Each structure stands twice: as structure tokens, then as C-alpha cells.
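Participant: I would like the atomic coordinates for the input below:
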Amino acid sequence: MHSAPAVSFPVGPSRVARLLLSTFWLAGAIGVSASVGTDVDGRALLLLASVLLAGGMAWRFGEYRHAGLLRYDGQYWSWSGPRPHAAARARVGLDLQALMLLQLVEPGRPSCWLWLERRADPARWTAVRRAVYSRAPATAADEPSSDASAPGAPSSFR
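Facilitator: Numbering: from 1, shown residues only. Okay, the predicted model is just below:
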């Protein structure tokens, strides 16, 4: 089986992702406002405060734009953004065909979430999608040893 070829893809601020998240937040704010109505008590104030806090945090950290270059070398993903990753695995969080939410997972580090958008580089979009959904080739460390069937040997789950 062949793995996907190496590819690099530019990642920048996504207007579509921002619009999508803003729409979800607005729907939640409208829902909370409708449930509170005119009966303002402690619980209603807590709900309103949580919606405002969530909106403020999203706005504040939404400005923390993830811009950089995402690369796939045929086995691992690397990210050259504000918090670089060197040997990460990619997981798809959401795939809307022209917009993708990707999680980079590197052992011992916090995950990094990136919004990939087709219009950032339409020529490489198909290649990056192919790489995201391909399986990385197994390395010698990933393959079980020949004595793995011996009694008392730990079993590996994938």
C-alpha cells in the first residue's frame, strides 16, 4: 500500500470558520435570552454571564490567529505556527469538504486545532485531504516483535 505523498499547505485565518462559530454563539445567546425572558433571577444572571464570557473569550482568542505552514512528510505532520509541532498525527474534527477542522496530536504536548480552508491553496487542497485521510506507513517501532505471542508478553491495541 502506498502512502500519500508529502505536501505542505498554508494555514491562515478562516473567515468561514469565524462566521460558523459566530453563528453558533449567536444561536446560543438567543436561546439563553429566550429562556430567561423577563424573569431575571440568580440562575438567569449566571446563564447570561456565561454566554457573555464565552463570547468574550471566543473573540479574544479568536484574534490569536493560527497562521503558518502545515507540512506532511509521508509519516508525520509538522506545523510552523505560533506553537510549532514537529512529529504530530492529524485527526479530523470536522470536514465540510471546503473547510476542515484538524487536530494535531503530538505525544506529551497539548493538541493544536487548525482550520484548513480550500481557498488558501486550491491547487493543493486535494493533496492535503488525501494526506489527512491516509494511513501513515508503519515503522519498526509500530510493528509487533516476533516474540509478541510469547506468554506474558503485553498485547497492543490500536
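Participant: switch to C-alpha atoms for all contacts and neighbour counts from now on
Facilitator: OK.
Participant: State the pLDDT value of Phe157.
Facilitator: For Phe157, the model assigns a pLDDT of 36.
Participant: for Pro137, same thing?
Facilitator: pLDDT for Pro137: 62.
Participant: One more: Arg60?
Facilitator: pLDDT, Arg60: 67.
Participant: Quick one: residues contacting the residue nearest to Ala29 when sequence neighbours are not counted.
Facilitator: Excluding its sequence neighbours, the residue lying closest to Ala29 (Cα to Cα, 6 or more residues apart in numbering) is Val51, at 6.1 Å. Contacts for Val51 (Cα atoms under 8 Å, 6 or more residues apart in numbering) come out as Gly28, Ala29, Val32.
Participant: Now the element after the host helix or strand of the second one, going C-ward?
Facilitator: What it means is Ala29. Element membership for Ala29, per DSSP states H and E: helix 15-36. Next along the chain after helix 15-36, taking DSSP H and E as the criterion, comes helix 42-62.
Participant: related to what we said a few turns ago, contacts made by the helix holding Ala29 with the rest, please.
Facilitator: With contacts defined as Cα under 8 Å, 6+ apart, helix 15-36 is touched by Ala44, Leu47, Leu48, Val51, Gly55, Gly62, Leu99, Trp115.
Participant: which among the residues you listed end up buried?
Facilitator: The neighbour count (16 or more other Cα atoms under 10 Å) marks Ala44, Leu47, Leu48, Val51, Gly55, Leu99, Trp115 as buried among the contacts of helix 15-36.
Participant: Gly93: how many residues sit nearby?
Facilitator: Number of residues near Gly93 (other Cα atoms under 10 Å) recorded here: 12.
Participant: quick one: which helix or strand includes it?
Facilitator: Per DSSP H and E: Gly93 is located in strand 85-95.
Participant: got the buried residues for the worst-scoring helix or strand of the chain on mean pLDDT?
Facilitator: The weakest-scoring helix or strand in the chain, judged by mean pLDDT, DSSP states H and E, is helix 42-62 (a mean of 78). The neighbour-count check on helix 42-62 (16+ other Cα under 10 Å) flags Ala44, Leu47, Leu48, Val51, Gly55, Ala58 as buried.
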